[in-house]
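> Next comes the sequence, and after it the predicted model I'd like to discuss.
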Amino acid sequence: MAKKGTYYLGRVIKLGTLDQAMLMHAMLNPSPYKSRGNAWTIIDCKRYRSGQQDFIFGRLSKYVPEGEVTVIDEEKRQERQQREPNLQVASSPFIYVPSHSGIAFLNVYGHIEQKTFMAIFAGIIEETYRGFFVECHIELVSDLKSFAAKLNALEKIFQIRAKVFPPNPLFGPLWEPLKEYLISRNTGTMSITEDAPDCQSIDTDIQNIVQQAADQIEENAYFTNERIPIGDAAILMAADGYGIGAVRGIYEDEIIVVKTSETAKNFSFDKNPAPHELYEKVLSILIEIEKNRHMQH
């Protein structure tokens, strides 16, 4: 029976001159990347076609340029160390779906966990172009029901923080005005921090807004005639995979921080997957998110 692991779902953010074609070229033709004594690259990478959709399957690989392995010397009946160049330590399979800017990757505990994969993948893409006017990020897509449940536990909210990027290709109608604002200002990144005065709360309806968004289904969209305040809209935008957000508040006299990244959408799948099977799984989740959140092109 195939061993299963946990995959996380995110979106690839492309800034500067980095576009879809350049991103996919870098995945298929990556430059080696070094970080903290280890070397990294993307291996077994290939572009596939399924129906009308393209996707890329590959593996983010961690290796040691000058590795050593233990071998047995049969004549001396001893073990000894033998040099092994480019010794692989671990690899994480991933799928990239261009039509959603969506990426899903395996969390390899102790070696290639969420933050590591996100940072190293982006580093490889940027290094492939020598960092020349290109910037890449992976931001996780939140499970809105889990995010809403954590927010609803807060008795008081005194800080909202978010950093968001212009969406491409999908956007959520609840935060569409914020998207339009970023585009009109030609803004690549926007950060916002809202702090309440000491011992007071922010006047926000973020808990209800996120809960209503989480309760949406394809046949029943959440709609409000009132424009959602910019701080709340930024949190929604981050939860949809176009940034990072955090809400700080009080629960039972303790300060609690609820982060969009800590309620990331994830699923269980084979650790050594067939590319088309993993793609079908990831695409079905991305389509469900698009329909239930009523996201538009």
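Perfect, I can see it now.

> drop to CA atoms for contacts and neighbour counts, all remaining ones
OK.

> what's the closest non-adjacent residue to Ile112?
Ser92 (6.9 Å; C-alpha to C-alpha, 6 or more residues apart in numbering).

> name the element Met27 belongs to?
For Met27, the host element (DSSP states H and E) is helix 20-28.

> Also Cys199?
Applying DSSP H and E, one finds Cys199 in no helix or strand.

> What is the burial count for it?
A count of nearby residues for Cys199, using other C-alpha atoms under 10 Å, gives 7.

> quick one on the thing from earlier: next, the buried residues of the helix holding Met27.
20, 22-24, 26-28 (16 or more other C-alpha atoms under 10 Å).

> swap in stretch 228-241?
Result for stretch 228-241 [16+ other C-alpha under 10 Å]: buried residues 228, 231-241.

> my guess is Leu236 contacts Trp175, does it?
Yes - in this structure, Leu236 is within contact of Trp175 by C-alpha atoms under 8 Å, at 6.8 Å.

> Look at the residue of the chain most remote from its centre and report its pLDDT.
The centre of the chain is farthest from one residue, Glu75, which by C-alpha atoms, centre = their mean lies 51.8 Å away. In this model, Glu75 is scored at 76, pLDDT.

> Please settle this for me: is it part of a helix?
No - secondary structure of Glu75 (DSSP: H, G, I helix; E, B strand; the rest coil): coil, not part of a helix.

> Closest to Leu106 out of the buried residues of stretch 228-241?
Proximity to Leu106 was ranked across those by C-alpha to C-alpha; first place goes to Gly241, at 17.5 Å.

> how about the nearest residue to the closest one, chain neighbours excluded?
Leaving aside its chain neighbours, Gly241 sits nearest to Val141 (4.2 Å; criterion: C-alpha to C-alpha, 6+ apart).

> For that neighbour, grab the count of nearby residues.
Residues near Val141, counting by other C-alpha under 10 Å: 29.

> Surely it touches Arg11?
Yes - between Val141 and Arg11 there is a contact under C-alpha under 8 Å: 7.0 Å.

> list residues touching both of the two?
Here Val141 and Arg11 share the contacting residues 241-242, scored by C-alpha atoms under 8 Å, 6 or more residues apart in numbering.

> what's near enough to touch the residue nearest to Leu154 when sequence neighbours are not counted?
In space, and not counting its chain neighbours, Leu154 is closest to Tyr251: 5.1 Å by C-alpha to C-alpha, 6+ apart. Shown in contact with Tyr251 (C-alpha under 8 Å, 6+ apart): 153-156.

> so the closest residue to His111 other than its chain neighbours bridges to which residues?
For His111, ignoring the flanking residues on the chain, the nearest one in space by C-alpha to C-alpha, 6+ apart is Ala90 at 6.6 Å. Judged by DSSP bridges, the bridge partners of Ala90 are Lys62.

> which stretches of this structure have low pLDDT?
Filtered on pLDDT under 70, the chain yields the residue ranges 1.

> Helices along that one, start to end?
Assigned by DSSP state H, the helices in the chain fall at 20-28, 114-128, 144-152, 176-184, 206-214, 230-237, 275-292.

> Which positions within stretch 258-274 qualify as buried?
Within stretch 258-274, the residues that count as buried by 16+ other C-alpha under 10 Å are 258-267, 269-271, 273.

> so of those, which ones are in strands?
258-259, 266-267, 269-270 (DSSP state E).

> just those now: which is nearest Gln296?
Taking C-alpha to C-alpha as the measure, Gln296 sits nearest to Asn266 out of these, at 22.4 Å.
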